[in-house]
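Asker: Kindly return the folded structure for what I paste below:
(2 chains)
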Amino acid sequence: MDTSANKSLRTFYWSWAILTAVGVGLSLWLPHRYMPEAMSNDAHLTMTTLILFSISAAPVAAGVYAGALHILRHHRYTGDGVPPPAPQIRENTKILVSWITASAILTVFVLVWGLGALAAENNSSSSNPLIVNVTGQQWVWTFAYPGTHVVSNELYLPENREVEFRVTSVDVTHGFWLVNMGVQVDANPGVITTIHTTPDRLGVFEVRCEQFCGLNHAFMDAIGYVVSPQKFSSWLASQPARA
Amino acid sequence: MTTTLEHAATTAQPKGGGLARHQNFGTAIVAGVILAWVGWFLARHLFWSSSDDWSDQVTVLTITGWMLGFWIGIGAFNAPFQWLLGRDNSREDNLYYAGDQQGRARYWKYTTDHKVVGVQYIIVTMGLLAVGGILAMAIRTELITPGTHFVNQQVYNSFIAIHGMVMILALIVAVAGPWGNFVMPIMIGARDMAFPRLNALSLWTLVSAAVVLVGTLAVGGLPVGWVVMGTIADQAGPGMDFFAMAIVIFTVSTTVASINLITTIITMRTRGMTLDRLPIFVWGTVITAALALYAFPFFFIAEANQIFDRTTSTSFYIAAGGGTTWLQANLFWLMGHPEVYVILIPAVAALFEISSTMARKPVFSYRTAVGAMVALAGLSAVVWAHHMFTSGWAPSLGGPFMVTTELISIPTGIFFLVLVGTLWRGNVWMKLPTVWMFGFIFNFIVGGVTGIYLSDIPLDEQLHGTMFVTAHFHYIFVGSVLFGAIAALAYWFPKVSGRYLNESLGRISFWLVFVGVQVTFGAMFLSGLKGMPRRDASYSFAFEHTNFISTIGAYIIMSGMLILLGAIITSWGHGEPAGPNPWHANTLEWQVPTPPPLENFDVLPVITEDPYHFDETTVSV
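Answerer: Numbering: from 1, shown residues only, chains lettered A, B, ... in the order given. Here you go, the predicted model:
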């Protein structure tokens, strides 16, 4: 390889490194800037996963972009008429094997992390979760707390206690989504689906319908509060009985 | 319609045949409307009007009448009917049906010549893109600020469903339709498709299905979202019958087309065109056709069940009758994920072809590229439930479906290696097809990486159902597939029209669409990250800025697409003449004259090596 080719390859590696750095920077900044405030163990895991996957994707994307830039800079034909034939390279086993190996390693990493996170989400840590019965109907959410008389359109949850949501619908399929908790599940008529999460931060959060459910789908929201266990008990006690 | 009729009458040399020689799109519409009325009339009087299902029964029978009438009116039954009478077409008849010496009139007819069908597919694709694009602009205009102002929720909800399905149809045929029909048979050294009449049948069946699909807008719309989930679809009006029947008819079209493409590629290759000398676009076409043949019947069953639920007393999807909406979701996504690769693979295969010609180098690692397409098609059949991670169906299958889904990144990664590897150290000719190809490479990375997030269940439980998903698949469909389709159009346009697609207009269009895609869907990722659900006619003020930016970006895309449309129309008639082989490529479609004569070759060529040898003799052709 002559020196000019070596020089041009050096700029390829430099642009690869710079683009990777840009990608890593974006991975660290964007999720924190734009994702809703994380208020449960699952939401924290979601944020970490998003950042981690973005960082591991950065060198791959940057490599392809640096390659494309390199081609545009050094292999663009600038003469008139038809370009002359290029080197007739058909295979390069070394490149092929290393590319496939690298993508396989990244895939395995993403899989192992993802399956681990999935197991962590499914693993119920508490033997005494708070149970909330969630019912979707066009276009309102209703929350019932079994063992009490309370039925509400606002969702109150105590801090640091696992909650199990048992979700159903009386009409069409809705999507029960706790925006700040990073969990969602469909509400289907005739069946009960469950999700659980542990709120770990006090504050107000949003409940949205994320499965298209007809005319007023866009307005099928509810408001939620994570409160201290004492406040939660007094809220339960203060609720009027519903017929 | 009268002008084309007169044109046909003056230029053709009808030898008997009478009525059959005057059939075209106009007579098809007339016959379709008449039989639709007959179906409507019969259904109103045959069925019990007190039944809940009565209006659906009437609608379904009306559309059935339309389909039958359209087929009869266009002439789809002429040849089978002749066989029943014990007659066969003469050589003159066959030449006539192939559109021999009929000028432009042949494009409005049941013409069997594969090149005519290819051009018809270009027109149909552009028509569908126009309808879907207008709806997209209406959607983005509605979303420019929070609150509902431009269209009401009912109309908005219809628009998102029709936009979705029309665009899916457009992209399914965008590459495989025009080029799988126009250039593929020439590429393999065949005189036509294996079943030329079925070729015409698949095209015109698609047209009649598209009419029914767009017709939903005239009967109260389809306010149920394009995936038409079982329970919500049950509440919809006659628009739902239109949609389901459109899909049933559309599936007939894709099945016929797939069988035709597969048979052609297996049986019609010229001497010496062995499988390892096949142009890689032909590989892409046959893999796509096989995948479509597998996938679309699921859609047929999904919507046929829907029709039965609505018109008879079945309850496949109705919980109160023992059914489940998860059945619909499974059938829909059994089609829905392979369909994504039915859309993607032809575009990628066309880009492999283009990258080789434009870089003056062989396709890098040809066998690996074919293997990656096969692997992608195979994997796509076993990943469908990743669309249902948050549906509550079979939680214990989440892990396995996550594994199959993430394996997809390996063959997808190979696509990048092959494209970049082919261009690497090439003498890259920066013409219009190359420019759009670089746009594809940029956008497909963004779409691909964000797909990995969504394949991860803990992440999907946050991002599913949000604008993040919408942005992800628009980077694939608009940023990647549409860019690939436009590259393919720019590449093969000279073979169709004899002229180049206008280079400077094409480049202006490229920059507008490229920038527009980043602005629109880049901002849409942020809306989704912030937690904005899809399919919402209105949204909270938290999403105000990103939505405003997306809408501006959408207008930029629209202006770019309009300029491209202008370039296509002006270049077709008045562009710079291109000659038979403007790119100095080796594949067979460039070795025949432009326009290619009926039946393509005087003498069928014999192939001795693959088309990817570029040397000085190629240059001086």
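Asker: Show me the residue sitting in the middle of chain A in space.
Answerer: residue A:46 (5.2 Å; CA atoms, centre = their mean).
Asker: Apart from its neighbours in sequence, what residue is nearest residue B:450?
Answerer: Counting by CB to CB, 6 or more residues apart in numbering or on different chains, residue B:450 lies nearest to residue B:472, which is 4.3 Å off, once chain neighbours are set aside. Any C-beta I mention is one placed from the backbone N, CA and C, and that applies to glycine too.
Asker: Is that neighbour within a helix or a strand, and which one?
Answerer: Here residue B:472 sits within helix B:467-474, counting by DSSP states H and E.
Asker: do the worst-scoring helix or strand of chain A on mean pLDDT and chain B meet?
Answerer: One helix or strand of chain A scores below all others by mean pLDDT, DSSP states H and E: helix A:3-34, with a mean of 90. Yes: using CB under 8 Å from any CB of the partner chain, helix A:3-34 reaches chain B at A:30-31, A:34.
Asker: could those residues go into JSON lines alongside distance to residue B:325 and neighbour count?
Answerer: Listed next are those as JSON lines, based on distance: CB to CB, whole Å; neighbours: other CB atoms under 10 Å in any protein chain shown:
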{"residue": "A:30", "distance to residue B:325": "35", "neighbour count": "16"}
{"residue": "A:31", "distance to residue B:325": "33", "neighbour count": "18"}
{"residue": "A:34", "distance to residue B:325": "32", "neighbour count": "15"}
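Asker: So residue B:550, which state does it fall into?
Answerer: Following DSSP: H, G, I helix; E, B strand; the rest coil, we place residue B:550 in the helix state.
Asker: Next up, the contacts around it.
Answerer: B:140, B:143, B:519-521, B:523-524, B:527 (CB atoms under 8 Å, 6 or more residues apart in numbering or on different chains).
Asker: Quickly note the distance from it to residue B:153.
Answerer: Noted for residue B:550: a distance of 19 Å to residue B:153, by CB to CB, to the nearest Å.
Asker: So the spatially most central residue of chain B: helix, strand or coil?
Answerer: In chain B, the residue lying closest to the centroid (CA atoms, centre = their mean) is residue B:172, at 2.0 Å. When classified by three-state DSSP, residue B:172 comes out as helix.
Asker: Equivalent analysis for residue A:195, please.
Answerer: The assignment at residue A:195 comes out as strand when based on three-state DSSP.
Asker: Helices of chain A, start to end?
Answerer: A:3-34, A:41-74, A:93-122, A:229-238 (DSSP state H).
Asker: hey, which of these is tucked in deepest?
Answerer: Burial of those is given as mean neighbour count (mean count of other CB atoms under 10 Å in any protein chain shown); helix A:41-74 ranks first at a mean of 20.
Asker: Just the angle for that one relative to helix A:93-122, thanks.
Answerer: If you take axes from the mean of the first three to the mean of the last three CA atoms, to 10 degrees, helix A:41-74 sits at 160 degrees to helix A:93-122.
Asker: Tell me the secondary structure of residue B:405, please.
Answerer: Residue B:405 ends up helix, using three-state DSSP.
Asker: number of nearby residues for it?
Answerer: 28 (other CB atoms under 10 Å in any protein chain shown).
Asker: So for it, what's the nearest residue that isn't a sequence neighbour?
Answerer: Once flanking residues are discounted, residue B:405 sits nearest to residue B:455: 4.1 Å by CB to CB, 6+ apart.
Asker: for residue 67, what are its contacts?
Answerer: In the absence of a named chain, this looks at chain A. Neighbouring residues of residue A:67 by CB under 8 Å, 6+ apart: A:12, B:420, B:424.
Asker: actually chain B
Answerer: B:32, B:208, B:212, B:245, B:249.
Asker: List the ones among the residues you listed that fall in helices.
Answerer: Filtering the contacts of residue B:67 for helices - DSSP H - leaves B:32, B:208, B:212, B:245, B:249.
Asker: OK, contacts around residue 171?
Answerer: Just so you know, I chose chain A. Residue A:171 sits in contact with A:136-138, A:189, B:231, B:235, where contact means CB under 8 Å, 6+ apart.
Asker: meant chain B actually
Answerer: Applying CB under 8 Å, 6+ apart, the residues near residue B:171 are B:343, B:477, B:481-482, B:485.
Asker: Tell me which helix or strand comes right after the longest helix along chain B.
Answerer: Assignment by DSSP H gives helix B:325-359 as the longest helix of chain B. Of the helices and strands lying after helix B:325-359 in sequence (DSSP H and E), the nearest is helix B:366-380.
Asker: Check which helices and strands that following helix is in contact with.
Answerer: In terms of contacts (3 or more CB pairs under 8 Å, 6 or more residues apart in numbering or on different chains; DSSP states H and E), helix B:366-380 is packed against helix B:280-311, helix B:325-359, helix B:409-423.
Asker: Please work out the angle formed by the directions of that helix and helix A:93-122.
Answerer: On the basis of the same axes, to 10 degrees, helix B:366-380 is oriented at 20 degrees to helix A:93-122.
Asker: Just the buried residues of helix B:366-380, please?
Answerer: Applying a neighbour-count criterion of 16 or more other CB atoms under 10 Å in any protein chain shown, one finds B:366, B:368-370, B:372-377, B:379-380 buried in helix B:366-380.
Asker: What is the distance between it and the centre of its chain?
Answerer: When distances are taken as CA atoms, centre = their mean, to the nearest Å, helix B:366-380 is centred 20 Å away from the chain's centroid.
Asker: Need the contact partners of that helix.
Answerer: A:90, A:96, B:276, B:280, B:283-284, B:287-288, B:290-291, B:337-338, B:340-341, B:345, B:348-349, B:352, B:363, B:404, B:407-408, B:410-412, B:414-415, B:417-418, B:610, B:612.
Asker: Now do it against helix B:280-311, angle only.
Answerer: 10 degrees.
Asker: Let's see helix B:366-380 as PDB, backbone CA atoms only.
Answerer: C-alpha atoms of helix B:366-380 as PDB (Å, rounded to 0.1, in the frame of the first residue of the first chain):
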ATOM      1  CA  TYR B 366     -21.800 -12.000  -3.500                       C
ATOM      2  CA  ARG B 367     -22.600 -15.300  -1.700                       C
ATOM      3  CA  THR B 368     -22.600 -13.700   1.700                       C
ATOM      4  CA  ALA B 369     -25.000 -11.000   0.400                       C
ATOM      5  CA  VAL B 370     -27.400 -13.700  -0.900                       C
ATOM      6  CA  GLY B 371     -27.100 -15.600   2.300                       C
ATOM      7  CA  ALA B 372     -27.900 -12.500   4.300                       C
ATOM      8  CA  MET B 373     -31.100 -11.900   2.300                       C
ATOM      9  CA  VAL B 374     -32.100 -15.600   2.800                       C
ATOM     10  CA  ALA B 375     -31.300 -15.400   6.500                       C
ATOM     11  CA  LEU B 376     -33.300 -12.200   6.900                       C
ATOM     12  CA  ALA B 377     -36.300 -13.700   5.100                       C
ATOM     13  CA  GLY B 378     -36.100 -16.800   7.300                       C
ATOM     14  CA  LEU B 379     -35.700 -15.000  10.600                       C
ATOM     15  CA  SER B 380     -38.600 -12.600   9.700                       C
END
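Asker: Residue B:365 is in contact with residue A:94, isn't it?
Answerer: No: using CB atoms under 8 Å, residue B:365 makes no contact with residue A:94, being 11.7 Å away.
Asker: what sits against residue 140?
Answerer: You didn't pick a chain, so chain A it is. Residue A:140 touches A:153, A:220, A:222, counting by CB under 8 Å, 6+ apart.
Asker: The intended chain is chain B.
Answerer: The neighbours of residue B:140, taking CB under 8 Å, 6+ apart as the test, are B:520, B:550-551, B:554-555.
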